[in-house]
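> Predicted coordinates and the sequence they were generated for:
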Amino acid sequence: MAALTAVGQARTAQGNMRPSNGGGNSGSFLGGIPPGHNNFPNQPLLERSMSQNPAPRPSQPSNTFKEKSSNFIYSLATVFAKRNQPLPPSLTGIPTPTYDPINSPFKDIEAGSEHGSFRLAGKDINIFHLWTMIWHRGGMGNVGKDNNAWAAILQVFDIPESALPTLVQIYSKILLPFESMYRQNLMEQQKKAQAMRQAAASSTPSANNQHPPTSTNTMSPQRGSGMGFPPSQPPSSSVPSSSIQISTGLPPIDGGSAILDGPTLDQDLQGLKRKLEQEEEVKRTRQKTETADSVLPAGSASDQAFVGPSDVNPGPTAQAPTPATMTGHPRTRQELSRRKIEYKPLVRDIETYGGRDLKQVEVELHHSNRRPLRDINDWGTIDIDALTLSIRSKLSTELSYALTTLTLLSTMKGQTPTSGFPINNCPDLFEEVLDLVEDLAFDDVTDSPEAINLQDNPHIVTNREIVDIVYELETQPFAVLERRQGSKHPDLGPRQRPANLILTVINIIRNLSVFGDNVPFLANQPRLLDLLLRVCGVSEKASSYIPTSPVLSLTDCLAIRKDVLYILSLLAPAIRLPEGTTSLSTVRRIFNLITSYLVDPAEAVSPIACVQLAGVPLGGNLRPPSLADIALEVFTRLAHSDGNRLVFSKAVSRPSLWCLFVSLVHRLPLQDLDFQLISREIWLSYVEKIVMALYTLGFIFTPELKSRAKTDRSLGFKNVMMRIIQKLFVQNGAESRQFFIIIVRRIIETLKIIDDAEDSFDNTKGVVSTLSFGMGYGEVGENDIERGTGLLGGYTDIGWNILLCREVQHDDVMFSELESLIRIEY
């Protein structure tokens, strides 16, 4: 240690020396520094890691994939904004006031669940990941010539080959212009860097000739590098900063240079940057250590030559070192190699809740739900009679085998897409399954029909109320230990809880109804509808609600009601409710189940309020409420035929119909943000179902309810309808009207059927011959002159603007209905 300290002191003394004009200088001996050239800072002889108090190095921030992706998307959005083609804010997460969701060329691209990604074939495609994969393969030009490259890219993103044209189209819209600009700018920067390197190389010989070395002695490369220079680099040469900048950053791109100068998008450039940093680190540190004896041996004649004169400010008479002193035998070194190893753990940014990665769980669940159905022929031959007898026995082991086998059979597909397990060929098996559910749920208790009074105002139990009760019960202390309705009885032992068997059978029926070949058979089973609606019923008890079946809990009832709603959505187009043969109690239960998802005041709000209620950010993947959307689909399909509407009018009370009508009006769009949402296809379909449900209710309404809908100012039915027509049809161009023509026609039909204020089921009026002529509206052959002011008599200006539209003039029915609505009686 004393020898090492002496070396450091000698090194310091050597750095503080000032050369004289008339004598030699040890500076040239130690590295060839010419006199008066003091541009390089003095560096210690020992390594930083060998000093006692090493200076702390600043920590470099980790450039994660998420940060790179965010920077890339920001740069991409900046470039397209400069081109007056802003990208959708839902795609980039960057608010863009100039974005036009109707006329934008990117309106067909569906945003992913996260910013910086789009959705294709049910998968989220990260834009930055797609860019790097295609750029590393030589760009779009090279990838388009190699089919294997596209196959590899599709495999990475787990999307089918059928989505390849759409993927190429999206890349051509978003990333191909960026790729061309980036490639052109990269070539320009490389040319500039090459010209600067050539200029630096041409200036190096002249710099060396101006300051020739004053000594002819030789030293080892390690001794020369101790001053801070590479052994092969002359001290007077300098490297231009631009030659290093081309390796450590990206070339600037017009419109986004401030963004792309910092982060590195290309992985190869990143690797070159790290390599240069390591080389610079090696140049600043000593690779080998020396022993004290070899560095400064006691009494050596080379001490004076190595350390230099003891006089810090030598005079003119200072002696230069003799050649014999400088050309001594080389001293031996202790060859100790030093390596710097830095471990950087591979980490993944995750968002956890309770130690669980919820996003990864959702991804795995999504993959598990999308598993392909196995072919029915893969399971060989199964004895259906044996399954029937196993279910009839009701033994626990036999039931377990039969229900498990039947569950697997219900998920298998047949030779065609609409074929599966043919339940229509197994009527005995189906009857045994229904008997099992009825025995487990009600145990010989017969169903008593409900009294029908069309003037009653019964309370409709909503889905939200049941969820609130379940949440309150399950959050109580020791809720699991408390015995409630539907809990497993201790006497059952290892046998299954009856509710589990009922849930299994409901799941089997739902799987069977997915295949189109089974729909006609299941829809024409009146016992099936009666039993399903009876099982999912609830009754009021002690200011609370309990399931109708004593073996079910409220949690089980929630799951069954949801499954029954899905079953009805699949069977509704084929269900017929003939008058006289259909139980009115069943129809009322269907209506109560549908309206339980639609009439809750907290949920019957406009589209933008639905999004805010769900807590989804406005730039994310926004979807309508799923259960409400399915309930609307069930109601519109089930009440599509006039015969089913007539049965609904005789089974459902008038206050219940009005309650549903008011809730549907409250779900219509009203604000500007609502109309921005319905520019998306999924939200437009949701609003179309609401309007169609309003038309169905208007058809079922009595004249009193129609008059109430026309005159109720607090509801504002006609005002809301006219605002939708004005926003979607009047204020849009001719190209956009074609997307909204269907919903506008449905609105006009709904307004017209409300404006008639007549009983739609009254057949006492005679039908006029089709050869007669007359003025006014005629839906079923009427051609009498209409009296009074129409429902839209106060909107004549807007009405005439709509009548002058080309789409309305080409539709005779729509033109006549609108003309009748804006009539005015003076």
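It's in. Quick caveat: nothing in here was measured; it's all calculated off a predicted structure.

> where does the most centrally placed residue in the chain land in three-state SS?
For the chain, the residue nearest the mean C-alpha position is Ser113 (0.9 Å; Cα atoms, centre = their mean). Three-state call for Ser113 (DSSP: H, G, I helix; E, B strand; the rest coil): coil.

> which ones are touching the residue lying closest to Pro160 once chain neighbours are set aside?
Here the nearest residue to Pro160 in space, its sequence neighbours aside, is Ala121; by Cβ to Cβ, 6 or more residues apart in numbering that works out to 5.8 Å. C-beta coordinates here come from the backbone N, C-alpha and C atoms, glycine included. With contacts defined as Cβ atoms under 8 Å, 6 or more residues apart in numbering, Ala121 is in contact with Ile159, Pro160, Ser162, Ala163, Thr166.

> Tell me how far the closest residue to the residue nearest to the centre of the chain other than its chain neighbours lies from Ala77.
Among residues not flanking Ser113 along the chain, Asn621 sits closest, at 5.1 Å (Cβ to Cβ, 6+ apart). Distance of Asn621 to Ala77, given as Cβ to Cβ, to the nearest Å: 19 Å.

> ok, these two, which is more surrounded?
Ala77 (22 against 16; other Cβ atoms under 10 Å).

> so that one touches Thr92, yeah?
Yes: here Ala77 reaches Thr92: they are 4.5 Å apart, a contact under Cβ atoms under 8 Å.

> after whichever strand or helix holds Ser539, next one along is what?
Using DSSP states H and E, Ser539 sits in strand 538-541. Once strand 538-541 ends, the next helix or strand along the chain (criterion: DSSP H and E) is strand 544-547.

> Adjacent strands (with direction) for that following strand?
Partners of strand 544-547 in the sheet, by DSSP bridges, are strand 538-541 (antiparallel).

> Tell me where the stretch 301-450 of the chain has helices.
Under the criterion DSSP state H, counting those that start in this stretch, the stretch 301-450 of the chain contains helices at 303-307, 323-326, 358-369, 384-393, 396-410, 427-442.

> Torsion angles phi and psi at Ser117?
Backbone torsions of Ser117, given as degrees, to the nearest 10, read phi -140, psi 150.

> What residues are bridge-paired with it?
With DSSP bridges as the criterion, Ser117 is bridged to Asn126.

> show me what contacts it?
Contacts of Ser117 by Cβ under 8 Å, 6+ apart are Leu91, Ala111, Asp124, Ile125, Asn126, Ile127.

> rerun that using 7 Å as the cut-off
Ser117 sits next to Asp124, Ile125, Asn126, Ile127 when contact means Cβ atoms under 7 Å, 6 or more residues apart in numbering.

> same check, this time on Asn507
So Asn507 contacts Thr407, Asp563 (Cβ under 7 Å, 6+ apart).

> Would you quantify the distance from it to Ile575?
21 Å.

> Locate the closest residue to Val467 other than its chain neighbours within the secondary structure: which element?
Sequence neighbours aside, Leu558 is the residue nearest to Val467 in space, at 6.9 Å (criterion: Cβ to Cβ, 6+ apart). Element membership for Leu558, per DSSP H and E: helix 554-571.

> ok, residues contacting that helix?
The contact list for helix 554-571 (Cβ under 7 Å, 6+ apart) reads 466-467, 469-470, 486, 499, 503, 506-507, 509-510, 513-514, 519, 522-523, 532-533, 535-536, 538, 547, 593, 630-631, 633-634.

> from the residues you listed, which would you call buried?
Buried subset of the contacts of helix 554-571 (neighbour count, 16 or more other Cβ atoms under 10 Å): 466, 469-470, 486, 499, 503, 506-507, 509-510, 513-514, 519, 522-523, 532-533, 535-536, 538, 547, 593, 630-631, 633-634.

> Would you work out how far apart the start and end of stretch 114-123 are?
With Cα to Cα, to the nearest Å as the measure, the first residue of stretch 114-123 is 11 Å from its last.

> That should have said stretch 486-500, apologies.
10 Å.

> Same question for stretch 114-125.
OK, stretch 114-125 end separation, Cα to Cα: 10 Å.

> what comes up buried for it?
For stretch 114-125, burial by neighbour count (16+ other Cβ under 10 Å) applies to His115, Gly116, Ser117, Phe118, Leu120, Ala121, Lys123, Asp124, Ile125.

> hang on, the first one packs against Thr92?
Yes: assessed by Cβ atoms under 7 Å, His115 is found in contact with Thr92 at 6.3 Å.

> Between those two, which contacts overlap?
Both His115 and Thr92 are in contact with Ile73, where contact means Cβ under 7 Å, 6+ apart.

> Give me the nearest residue to Arg495, chain neighbours excluded.
Nearest one to Arg495, counting by Cβ to Cβ, 6+ apart, is Ser396 at 4.7 Å.

> What is the neighbour count of that neighbour?
Other residues near Ser396 come to 14 when the count uses other Cβ under 10 Å.

> how many degrees apart are the helix holding Leu558 and helix 427-442 in direction?
Per axes from the mean of the first three to the mean of the last three Cα atoms, to 10 degrees, the angle that helix 554-571 makes with helix 427-442 is 150 degrees.

> got the CA coordinates for helix 554-571 in CSV?
This file holds the C-alpha atoms of helix 554-571, laid out as CSV (Å, rounded to 0.1, in the frame of the first residue of the first chain):
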residue,chain,number,x,y,z
LEU,A,554,-79.2,-15.7,-4.3
THR,A,555,-75.7,-16.2,-5.8
ASP,A,556,-77.0,-19.3,-7.6
CYS,A,557,-80.1,-17.4,-8.7
LEU,A,558,-77.9,-14.6,-10.2
ALA,A,559,-76.0,-17.1,-12.3
ILE,A,560,-79.1,-19.0,-13.4
ARG,A,561,-80.9,-15.7,-14.4
LYS,A,562,-77.9,-14.8,-16.6
ASP,A,563,-77.8,-18.2,-18.3
VAL,A,564,-81.6,-18.2,-18.9
LEU,A,565,-81.2,-14.7,-20.5
TYR,A,566,-78.5,-16.1,-22.9
ILE,A,567,-80.7,-19.1,-23.7
LEU,A,568,-83.7,-16.8,-24.5
SER,A,569,-81.4,-14.7,-26.8
LEU,A,570,-80.6,-17.8,-28.8
LEU,A,571,-84.1,-19.3,-28.9
